[in-house]
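Visitor: The amino acid sequence is not available; the structure is as follows:
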């Protein structure tokens, strides 16, 4: 058993116990899982667990209330499901001064072009804000943006990245994005 484990790990050094056990089962070895795990740990081959990918720490600035309308907008995406199980998303834009809902886009899919169109229509109607506050928005590749988001490019506003109460409330819950 020890020679099998050592030869397998010499060939595949980044494989963990699960792949080792699968290989032993596939080759018809008679060892049980607990016995193989005990020997694997005694040989000190167990790999350290991978850490969770974390976002860089945000610069903590106090929130400032907008002194007049159209100074700052808050944007957020939310999602929920219909009774049938079909998912839909909403894109909400709110004026920070009076909490007026400026725009709500609802659809099963909200591509970037649709978000840009909604923001451009708002800019034509009300003028560009001085700043836009967004949650932790990811770009198309799933990488956090650094102020070069579609909202800022379409409106020409300064971007402020914050973590919303909705995002904090949902962390760890099974029902991601409930509108309730």
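Guide: Received it, and whenever you're ready, just let me know what you need. All figures in this text were calculated on a predicted structure; none of them were measured in a lab.
Visitor: From here on, just use CA atoms for contacts and neighbour counts.
Guide: OK.
Visitor: Which strands or helices does the top helix by length along the chain pack on?
Guide: Ranked by number of residues, the top helix in the chain under DSSP state H is helix 112-126. Secondary-structure packing of helix 112-126 (3 or more Cα pairs under 8 Å, 6 or more residues apart in numbering; DSSP states H and E): strand 101-107, helix 150-155.
Visitor: Could you identify which of those has the lowest mean pLDDT?
Guide: Set side by side, the helices and strands packed on helix 112-126 give their lowest mean pLDDT on helix 150-155, at a mean of 54.
Visitor: And the longest helix of the chain, what's buried?
Guide: 115-116, 118-120, 122-123 (16 or more other Cα atoms under 10 Å).
Visitor: Residue 23 versus residue 37, what's the distance?
Guide: Distance, residue 37 to residue 23, by Cα to Cα, to the nearest Å: 13 Å.
Visitor: still on that earlier bit, from the buried residues of helix 112-126, which is closest to residue 45?
Guide: Of all the buried residues of helix 112-126, residue 45 sits closest to residue 115, with 49.8 Å by Cα to Cα.
Visitor: ok, back up a step: compare neighbour counts for residue 37 and residue 23 and give me the winner.
Guide: Neighbour totals were compared for residue 37 and residue 23, and residue 37 leads with 17 against 13 (other Cα atoms under 10 Å).
Visitor: so which helix or strand takes in the more buried one?
Guide: Here residue 37, judged by DSSP states H and E, is contained in helix 33-42.
Visitor: which secondary structure elements does that helix contact?
Guide: Right, helix 33-42 is packed against helix 17-26 by 3+ Cα pairs under 8 Å, 6+ apart.
Visitor: quick one: the helix it packs on to chain centroid distance?
Guide: Its chain's C-alpha centre and that of helix 17-26 lie 33 Å apart, by Cα atoms, centre = their mean, to the nearest Å.
Visitor: quick one: secondary structure of residue 15?
Guide: Following DSSP: H, G, I helix; E, B strand; the rest coil, the label given to residue 15 is coil.
Visitor: now residue 46
Guide: Under three-state DSSP, residue 46 comes out as coil.
Visitor: returning to that earlier point: for the longest helix of the chain, give the mean pLDDT please.
Guide: Mean pLDDT, helix 112-126: 91.
Visitor: Strand 101-107 and that one, what's the angle between them?
Guide: 160 degrees (axes from the mean of the first three to the mean of the last three Cα atoms, to 10 degrees).
Visitor: so after helix 112-126, what's the next helix or strand?
Guide: That would be, after helix 112-126 and using DSSP H and E, strand 131-134.
Visitor: sorry, back to before: residues touching the helix holding residue 37, excluding its own?
Guide: For helix 33-42, contacts defined as Cα atoms under 8 Å, 6 or more residues apart in numbering pick out 1-2, 5, 17, 21, 46.
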